[in-house]
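Visitor: Structure for the following, please:
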Amino acid sequence: MGRHSLPDAYASEGTRGRPAAGRRRTVVVATLLVLVVAGGAAVAAGSGLLSFGDSCRDSAVRLDLVASPDVAPAVRSVAERARADKVTSDGSCIDVRVTARESYKVADALGAGRDPDFAVWIPDSALWVDRAKEGGDGVSVATAGHVAASPVALALVAPAAKSLGWPSRTYTWGELAAAATRSDALRLGAADPSRSAAGLLALSSIGRSTARQGADGSTKAAALAKLLSQRTSDTDAQVVDTLARDGSGTESGNPRRNQAVVLSEQAAYAYNTGRGAGRGLDLFYPKDGAPLLDYPYTIVRESRLSTDRSRAAMRFLTLLGEPESRRTLARSGFRTPGDAVDEAAVKKAGGTAPQPYATSSAEAPSAKELQEALGMWTIIVQSARLTTVVDASGSMAAPVPGAGGRTRMDVTKTSLLRALAQFTTEDEIGLWDFATRLDGSRDYRELVPTARLGDPVKGGRTQRERLAAAFGALQPVPDGATGLYDTALAAYQQATAGYRQGKFNALVILTDGANEDPGSISRGELITRLQKLADPAKPVPMIAIAVGPDADGEAVREIAKATGGAGYQVTDPAEIQAVILKAIMTVGQGGGAG
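Guide: Below is the predicted model:
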């Protein structure tokens, strides 16, 4: 650091040689030095550069912790207090270093098996822990507790909230989404559900809510998701920045500003803090339950942690549950486990009675519901072009245990019809079936050409209606065997030839057996030819699903992998719908979309 001059006033006094001034100057300089040193020490302590006094420096146990950006500042404050108070674990001081990192990025890295540079992870939701566990080569993670909570709600600028009857009127998730998207006069935004727990929990809640409205609930949910997809941001922090700042939604003549956004209560609290009356957000808490961000305290690769670090991690979890730490979290707008709802904090966040902010939260969505919501989202955002190829061999007539006498084909058709309801009019879907010698010497036939679901077809119907009828008419071929390999090659050739730019292109094959056509190409030759057909510039991943105990799961995985796709095995045909949506989400995020 370079040398600094004294202020001119003190310099001029010094040139006069006045003793009193000299003493004053000495006192001032000494005071400034004390303040600088003290300030520098505070900064160093805050950054972890000067963590402890001599009694702790040599024995401190270092613990690296990664936290969701919203909760990281509060957790860091607790860690700094632990250093200042020389909190110990088994006689050694704990030195916790907190880094903010987006939860979806951490989940993806752990799921891919990348070596972590931290021992503890606090994402904003347990769904990220579940996602991290899904990877076959993933890093082991285990939840030890929860440090905070925040309900997910719908936040609106005051004029827009008033137009919907806030706070007196209450809505379900389905009703709120419908009201917020009924016209262009009220613009609704959200963070990308594939990257935001709040966005995904809201999307899943909307789907669950609209499903209760009747048979067309899935179609309504898809339509609402389509509208929402046009106003998404990458992260929760970015979606907050899309809000109208003057409460009207038209400041600076910018109609792209949102008047309503999916937001956690804590995010609304942070947004409203320091804003003047009428410039903050109002919160609608859906009466069918607000899902919670639950901030799980997650130990990463516990088996590789030393005993000291493992115990230090648990000691810090205990510290986060102590009264002073809870107050730190509450001052940041979080709810803390086991404590009563702080009505003053809710009011600052924009909630008030009779909005049901204090009622029990909604039941957490199941893994299946989350997968379906993400699959639907992937389809909605990009639109899909899929050719579905269904096994029609005689074994599809076998009854499914516990299905009341229904056959594999019966349950498969029901699952396909449910999956069809998730697609929009812009999606393109076709249908083949296959069995040995099904069409002359061929093992396959095209029943419905791949086309846009909203397109009209003969007879005054749409492609969707034609396809639904064809699904319903599928029947097993008596004595038909499984001609898998020739069918897979022919279907893939046609799918790649019909590649549609700008859509998620894929081939979906369902089979309950192994290849039984002795005259077909070999598996090795099939894989070689599929690899030659696969074009990274025009990706068409194959999603192959082996259904039931007789299916060749190894074969479908190898075949699908050759195209950049994925193979799955299910025991019950009823699982087909969820697996298709999961596969679309997984393969689509992996780069299979063109």
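Visitor: Spatially nearest residue to Asp486 (excluding sequence neighbours)?
Guide: Spatial nearest neighbour of Asp486, excluding adjacent residues (Cβ to Cβ, 6 or more residues apart in numbering): Ser520 at 4.5 Å. Using the backbone N, CA and C atoms, a C-beta is placed for each residue, glycine as well.
Visitor: got the contact list for that neighbour?
Guide: Each residue near Ser520 by Cβ atoms under 8 Å, 6 or more residues apart in numbering is listed here: Asp443, Gly483, Leu484, Tyr485, Asp486.
Visitor: Can you flag which of those belong to strands?
Guide: Asp443 (DSSP state E).
Visitor: For the contacts of Ser520, which entry has the maximal number of neighbours?
Guide: Leu484 (33 neighbours; other Cβ atoms under 10 Å).
Visitor: Do I have it right that it meets Leu510?
Guide: No. Using Cβ atoms under 8 Å, Leu484 is not in contact with Leu510; the gap is 10.6 Å.
Visitor: Need the residues touching each of those two.
Guide: Residues within reach of Leu484 and of Leu510 at once, by Cβ under 8 Å, 6+ apart, are Asp391.
Visitor: now the strands: where do they sit in the stretch 251-400 of the chain?
Guide: In the stretch 251-400 of the chain, strands defined by DSSP state E, counting those that start in this stretch lie at 260-264, 281-284, 292-293, 296-300, 384-391, listed in chain order.
Visitor: Which of these sits closest to Ala353?
Guide: strand 281-284 (11.9 Å; Cβ to Cβ).
Visitor: Gly199: which of the contacts of Ser520 is nearest?
Guide: Distance to Gly199 across the contacts of Ser520 (Cβ to Cβ) is lowest for Leu484, with 39.0 Å.
Visitor: Show residues contacting stretch 267-278.
Guide: 70, 150, 153, 155, 158, 198, 236, 240, 243, 247, 263, 280-281, 283, 332-333, 345, 348-350.
Visitor: Narrow these to just the buried residues.
Guide: By neighbour count, with 16 or more other Cβ atoms under 10 Å, these hold 70, 150, 153, 155, 158, 198, 236, 240, 243, 247, 263, 280-281, 283, 332-333, 345, 348-350 as buried.
Visitor: tell me the domain boundaries of the protein?
Guide: The chain breaks down into these domains under automatic domain parsing: 8-47, 54-139+296-331, 154-292, 383-592.
Visitor: Turn those into a markdown table, including distance to His146.
Guide: Compiled in a markdown table, the domains of the chain are given as follows (distance: least, Cβ to Cβ, whole Å):
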| stretch | distance to His146 |
| --- | --- |
| domain 8-47 | 26 |
| domain 54-139+296-331 | 5 |
| domain 154-292 | 9 |
| domain 383-592 | 26 |
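Visitor: Quick check: the gap between the nearest residue to Thr242 once chain neighbours are set aside and Ser393.
Guide: Leaving aside its sequence neighbours, Thr242 sits nearest to Asn258 (Cβ to Cβ, 6+ apart; 4.6 Å). To Ser393, Asn258 is 52 Å away according to Cβ to Cβ, to the nearest Å.
Visitor: In terms of neighbours, single out the busier of these two.
Guide: Ser393 (27 against 24).
Visitor: wait, doesn't the more buried one sit right on Gly480?
Guide: Yes. With contacts counted by Cβ under 8 Å, Ser393 reaches Gly480, the gap being 4.6 Å.
Visitor: Which residues are in contact with each of these two?
Guide: With Cβ under 8 Å, 6+ apart as the test, Ser393 and Gly480 both reach Ala435, Thr436.
Visitor: re the thing from before, got a pLDDT number for the residue nearest to Thr242?
Guide: Predicted confidence (pLDDT) for Asn258: 86.
Visitor: Check which helix or strand Thr210 maps to.
Guide: According to DSSP states H and E, Thr210 maps onto helix 197-211.
Visitor: for that helix, packing partners?
Guide: Judged by 3 or more Cβ pairs under 8 Å, 6 or more residues apart in numbering; DSSP states H and E, helix 197-211 is in contact with helix 126-134, strand 150-157, helix 173-180, strand 188-191, helix 217-229, strand 260-264, strand 292-293, helix 367-382.
Visitor: can you dump the C-alpha coordinates of stretch 340-347 into CSV?
Guide: The C-alpha coordinates for stretch 340-347 follow below in CSV (Å, rounded to 0.1, in the frame of the first residue of the first chain):
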residue,chain,number,x,y,z
ALA,A,340,-45.2,-19.8,15.2
VAL,A,341,-45.8,-17.7,12.1
ASP,A,342,-44.5,-14.2,12.6
GLU,A,343,-47.4,-12.0,11.5
ALA,A,344,-45.3,-8.9,11.4
ALA,A,345,-42.9,-10.6,9.0
VAL,A,346,-45.8,-11.9,6.9
LYS,A,347,-47.2,-8.4,6.7
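Visitor: For Leu474, see how far away Trp432 is.
Guide: Note on Trp432: its distance to Leu474, by Cβ to Cβ, is 11 Å.
Visitor: more crowded one of those two?
Guide: Between Trp432 and Leu474, counted using other Cβ under 10 Å, the more crowded position is Trp432 (23 against 18).
Visitor: Run through the bridge partners of the more buried one.
Guide: Val389, Glu446 (DSSP bridges).
Visitor: gap between the residue nearest the centre of the chain and Asp391?
Guide: Nearest to the geometric centre of the chain sits Ser194, at 3.9 Å (Cα atoms, centre = their mean). Look at Ser194 and Asp391: by Cβ to Cβ, they are 31 Å apart.
Visitor: Quick one, grab the pLDDT at Arg275.
Guide: Arg275 is given a pLDDT of 79.
Visitor: right, I mislabeled it, should have said Ala179
Guide: 79.
Visitor: what's the burial count for it?
Guide: Quick note: Ala179 (other Cβ under 10 Å) scores 19 neighbours.
Visitor: ok, and the closest non-adjacent residue to it?
Guide: Nearest one to Ala179, counting by Cβ to Cβ, 6+ apart, is Leu164 at 5.7 Å.
Visitor: before we move on, what about Glu426?
Guide: Ser383 (4.5 Å).
Visitor: Gly564 now?
Guide: Using Cβ to Cβ, 6+ apart, the closest residue to Gly564 is Pro541 (4.7 Å).
Visitor: How about Asn515?
Guide: Once flanking residues are discounted, Asn515 sits nearest to Leu484: 4.1 Å by Cβ to Cβ, 6+ apart.
Visitor: ok, now Val381?
Guide: Among residues not flanking Val381 along the chain, Ser229 sits closest, at 5.0 Å (Cβ to Cβ, 6+ apart).
Visitor: quick revisit: can you list residues touching both of Trp432 and Leu474?
Guide: With Cβ under 8 Å, 6+ apart, Trp432 and Leu474 have common neighbours Val390.
Visitor: now Thr336: how far from Ser196?
Guide: 22 Å.
Visitor: One more: Ser205?
Guide: 14 Å.
Visitor: Also Arg301?
Guide: Going from Arg301 to Ser196 by Cβ to Cβ gives 26 Å.
Visitor: Specify which residue of the two has the higher count of neighbours.
Guide: Ser196 (29 against 15).
Visitor: Determine the set of other helices and strands touching the host helix or strand of Leu467.
Guide: Taking DSSP H and E as the criterion, Leu467 maps to helix 463-473. The contact analysis (3+ Cβ pairs under 8 Å, 6+ apart) places helix 463-473 against helix 408-420, strand 428-439, strand 442-452, strand 456-457.
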